[in-house]
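Visitor: when you get a sec, could you give me coordinates for this:
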Amino acid sequence: MGEQEIVELLLQKSEQGMDALLLHYGPLMKYIIAPIVKSPQDREDCLSEAAMRVWDKIEQFRHERGSWSAWLTAVTRNTALNYARKNFRHGSAEDLSEDLPSPALTPEEIVLQKERRDAVEHALNHLSAKDRLLFYRKYYYRQSTAQIASELGLSERAVEGKLYRLKKQLRRMLGGEDCD
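Guide: As a prediction, this is how the structure comes out:
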């Protein structure tokens with residue numbers, strides 16, 4: 001079954017669409033979730049949550065805005081990050097002060113955040129495809145250095161060195177200090 005057929009079935013809210021999604025794209029989704037959610041049981045729960053999010057948000061997918069796999073990857077990654085944040089227990093809610101500032105961003109902060117995001121995206125687009133993929137694997141998909149090294153047939157030290165040089169290059173491109 002092809003990608004277009006799966007998308008159509010999901011748009012029709014057909015259970016066959018969900019089955020096809022998990023059959024054809026479940027391994028990719030698990031691969032994205034694994035470095036973010038550590039417990040195997042939590043990974044399965046997160047996969048279910050990600051699949052349901054795809055089911056609920058499928059109307060938002062547009063071919064003209066990007067590929068199916070990019071959209072699916074983003075939805076899965078964001079679901080995994082939200083799942084990990086939700087399940088991260090670092091103190092209880094009772095320990096929190098009622099005087100905390102609002103987590104909502106001000107309009108100025110939103111504009112600055114967008115400008116920074118655009119600058120980083122522009123800098124990343126000037127990297128080679130190989131370097132950009134390495135950067136995304138480590139900092140977007142949160143894969144471990146060991147996993148990246150194993151899958152690329154490199155030593156961990158080689159991957160760390162490449163990442164160090166990449167960060168240095170990005171700092172230069174973004175106008176940051178060149179620290180050694």
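Visitor: so what's the backbone phi/psi at residue 167?
Guide: Residue 167 adopts backbone torsions of phi -60, psi -40, taken as degrees, to the nearest 10.
Visitor: and it, what does it touch?
Guide: The contact partners of residue 167, by Cβ atoms under 8 Å, 6 or more residues apart in numbering, come to none. Where C-beta positions appear, they are placed from N, C-alpha and C, glycine not excepted.
Visitor: how near is it to residue 137?
Guide: Distance, residue 167 to residue 137, by Cβ to Cβ, to the nearest Å: 14 Å.
Visitor: give me the residue at the spatial middle of this structure.
Guide: Centroid-nearest residue in the chain, with Cα atoms, centre = their mean: residue 77, separated by 3.7 Å.
Visitor: got the contact list for that one?
Guide: By Cβ under 8 Å, 6+ apart, residue 77 lies in contact with 32, 36, 140-141.
Visitor: one more: residue 176?
Guide: So residue 176 contacts nothing (Cβ under 8 Å, 6+ apart).
Visitor: in what helix or strand does it lie?
Guide: Per DSSP states H and E, residue 176 falls between elements, in no helix or strand.
Visitor: with residue 110 instead?
Guide: Here residue 110 sits within helix 107-125, counting by DSSP H and E.
Visitor: many thanks, have a good one.
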